[in-house]
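**Student:** When you get a sec, could you give me coordinates for this:
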Amino acid sequence: MSKLIILGLIVIYVGGVWKFWNGFTRTNFNQSFANRISLALLWPVLFIANKSYRSNFRKALKG
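**Tutor:** Numbering: from 1, shown residues only. The predicted structure follows:
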């Protein structure tokens, strides 16, 4: 059962990275490659901790 939960969390994480990566151009962030990688990989932490990032993350997911 725990392996299924871990697999589910990995799928959610990778899905978030993928959706943010593809929608990055719709955000207000600086459009550099380094920004894109770091913001995509750190999305769970930034989503919880930063209101501005949450807003931009939602913009990236729309589309």
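**Student:** Going by C-alpha atoms from here, please, whenever you check contacts or count neighbours.
**Tutor:** Will do.
**Student:** Which residue ranges of the chain form helices?
**Tutor:** Listed from the start of the chain, the chain has helices (DSSP state H) covering 2-23, 33-41, 43-49, 51-61.
**Student:** so what does the shortest one touch, helix or strand wise?
**Tutor:** The contact analysis (3 or more Cα pairs under 8 Å, 6 or more residues apart in numbering; DSSP states H and E) places helix 43-49 against helix 2-23, helix 51-61.
**Student:** rewinding a little: for the helices of the chain, give me TSV that also has mean pLDDT.
**Tutor:** Converted to TSV, the helices of the chain look like this (pLDDT from 0 to 100):
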stretch	mean pLDDT
helix 2-23	96
helix 33-41	96
helix 43-49	96
helix 51-61	95
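**Student:** so who does the closest residue to Asn22 other than its chain neighbours touch?
**Tutor:** Counting by Cα to Cα, 6 or more residues apart in numbering, Asn22 lies nearest to Ala60, which is 7.5 Å off, once chain neighbours are set aside. When the contact criterion is Cα atoms under 8 Å, 6 or more residues apart in numbering, the partners of Ala60 are 19-20, 22-27.
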